[in-house]
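Colleague: return a 3D structure for these sequence lines:
(4 chains)
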2 protein chains.
Amino acid sequence: MMADHAAGKPADEGVRGRFERIYQTLRTRICMLDYAPGSRLREEDLAGEFGVSRTPLRRVLVKLEAEGLLRSVHGVGTIVTDIDVDELAQVYELRIELAELVGKLSPVIVDAALIARFRDIRARCDRMVAEGDPREFSRINMEFFHLFTTLTTNEPLREISERLYYQTARIWLKTASRLEGFDELLQNEFVTFQREVADITEAVEHGDLTAAGYVRRAHIAMSFSRIRQASGAEAG
Amino acid sequence: MMADHAAGKPADEGVRGRFERIYQTLRTRICMLDYAPGSRLREEDLAGEFGVSRTPLRRVLVKLEAEGLLRSVHGVGTIVTDIDVDELAQVYELRIELAELVGKLSPVIVDAALIARFRDIRARCDRMVAEGDPREFSRINMEFFHLFTTLTTNEPLREISERLYYQTARIWLKTASRLEGFDELLQNEFVTFQREVADITEAVEHGDLTAAGYVRRAHIAMSFSRIRQASGAEAG
DNA sequence: TAGCATGTTGTTGTGCACAACATAAGAAGA
DNA sequence: TCTTCTTATGTTGTGCACAACAACATGCTA
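Modeller: Sure thing, here's the model as predicted:
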């Protein structure tokens, strides 16, 4: 009856569950900039950390590479991809359209439990704004995204939205890290997101998922516009 | 100076090229029903056929499993997934919307070479209709899909459209195989597709990619409606 | 003869050793 | 001192052997 040496590692998880756990862990680290863009990872180190061999770990790396978050180069290493605002323009262009579709295709039946989840995250969002931590902002932003995608039951749409979201998730933190000192701009980002959460929550409360989709669409478009402006001001 | 023992295997292809070649080969076999839904594949056989070990081949199988075309079960085998019309409803729902987006997001500049490709496939489509072979229909349909996606330069949109297309590509051949003897229905399918190709070709000739997207959208929706009807008539 | 336990066979999953490859350091030469 | 070739080092890619697991066949028992 040996206990697991690592926390958060249930003994009854199958190979599929283990794969998912490692995958999500690494994906979160990349998107929270725990792994800086351009930095090198070693397969053996990661394998050792998660208590497996290189072989099953490589399956995770292959998937992350297919999603554009990593790049394995023979004889060099596994490099965390760098991101550029211009390269992400097409991804945002598509995310904008898919956000609208989330409110239109196969909408869920809104029940009390769903409304409660939106109200809960809205309350935590309000607290986050008071503190003003970019990292906490990114965390709640990620959580809110997952909640938003549950508004549709169209599974392919949810999968694709998730994939595109994680391709763009890093750019906000990366841009924000260059704006330290400009607290007004950061505070504006927090308040804007706060309004988005409030508006979408109220739309869900009224059962108007189409409206929720339009609000989300508009906010994604405006968010990217601000990111592009902040990057352009830096470069120009 | 050993010559390659297999045709279509250039010696200068990198590991990336080899991966893509094996991947597309297996994907085509699955979608052309060369591998019947539910049939079992052996990793070692496939590895031997392509002249590699199991290790690199498994990367291909992992990707095909992620796309829903295969299912690896420990101790059992690698099974070609079966497809159901009802399960594909959501995929079609999304494909319909993405087809419209292809004509709207980042449209390409239409030049003479692009028009020539559409006219070429239109001519071959006309010849196909005269012969009336379901397999040849599927092949041209696949080729036309790839040509259609070149109407947008939005790379994520093209990738996602491709993935969803191959998830649904088998259902037509599978449904058609049950309709042998109903030559009128098959001929109707051919002629309908012929009209789609003609309409989209003319839209491209006029540089109206938005219209091309709408035509494509309508045809995908109608095609799935007919497939659902044919399946329902069988079951009911 | 039905039911069950058990061994046998076949397949995918994993770990490990080595090959292929790229990079950087260092030495030799001009 | 600069250039260039060689060598050393470190990393990912591949092949192979074995473990984990499931399905099937076989024989034993009631």
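Colleague: name the SS class of residue A:78, please.
Modeller: The three-state label given to residue A:78 by DSSP: H, G, I helix; E, B strand; the rest coil is strand.
Colleague: meant to ask about residue A:207, not that
Modeller: coil.
Colleague: quick one: contacts for it?
Modeller: Counting by CB atoms under 8 Å, 6 or more residues apart in numbering or on different chains, residue A:207 touches residue A:110. (C-beta placed from N, C-alpha, C; glycine too.)
Colleague: quick one, phi/psi of it?
Modeller: Backbone torsions for residue A:207, taken as degrees, to the nearest 10, come to phi 70, psi 10.
Colleague: for it, give me the pLDDT.
Modeller: At residue A:207, the model reports a pLDDT of 98.
Colleague: list the buried ones in stretch A:178-192?
Modeller: Buried residues in stretch A:178-192, counting neighbours by 16 or more other CB atoms under 10 Å in any protein chain shown, are found at A:179, A:186, A:189-190.
Colleague: one more: stretch A:190-200?
Modeller: The neighbour-count check on stretch A:190-200 (16+ other CB under 10 Å) flags A:190, A:193-194, A:196-197, A:199-200 as buried.
Colleague: just curious, which of those residues is nearest to residue A:79?
Modeller: Comparing the buried residues of stretch A:190-200 against residue A:79 with CB to CB places residue A:193 closest, at 30.8 Å.
Colleague: still on that earlier bit, could I get the buried residues of stretch A:190-200 as TSV with distance to residue A:222, secondary structure and pLDDT?
Modeller: Listed next are these as TSV, based on distance: CB to CB, whole Å; DSSP: H, G, I helix; E, B strand; the rest coil; pLDDT from 0 to 100:
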residue	distance to residue A:222	secondary structure	pLDDT
A:190	14	helix	96
A:193	11	helix	98
A:194	14	helix	97
A:196	9	helix	98
A:197	14	helix	98
A:199	13	helix	98
A:200	14	helix	98
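Colleague: all strands for chain A, in order.
Modeller: Using DSSP state E, the strands found in chain A span residues A:40-41, A:70-73, A:77-80.
Colleague: those strands: which one's closest to residue A:20?
Modeller: strand A:70-73 (16.8 Å).
Colleague: could you measure from the closest residue to residue A:65 other than its chain neighbours over to residue A:54?
Modeller: What sits nearest to residue A:65 in space, not counting adjacent residues and going by CB to CB, 6 or more residues apart in numbering or on different chains, is residue A:72, at 5.7 Å. Separation of residue A:72 from residue A:54 (CB to CB, to the nearest Å): 12 Å.
Colleague: domain-wise, how is chain A divided?
Modeller: Per the record, chain A has its domains at A:15-80, A:89-235, by automatic domain parsing.
Colleague: can you give me the helices in chain A?
Modeller: For chain A, the helices defined by DSSP state H cover A:15-31, A:43-50, A:54-66, A:89-102, A:112-131, A:134-149, A:155-177, A:183-205, A:209-235.
Colleague: turn these into CSV, including distance to DNA strand C.
Modeller: Putting these into CSV (distance: least, CB to the nearest atom of the strand, whole Å) gives the following:
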stretch, distance to DNA strand C
helix A:15-31, 4
helix A:43-50, 7
helix A:54-66, 4
helix A:89-102, 27
helix A:112-131, 33
helix A:134-149, 26
helix A:155-177, 20
helix A:183-205, 36
helix A:209-235, 26
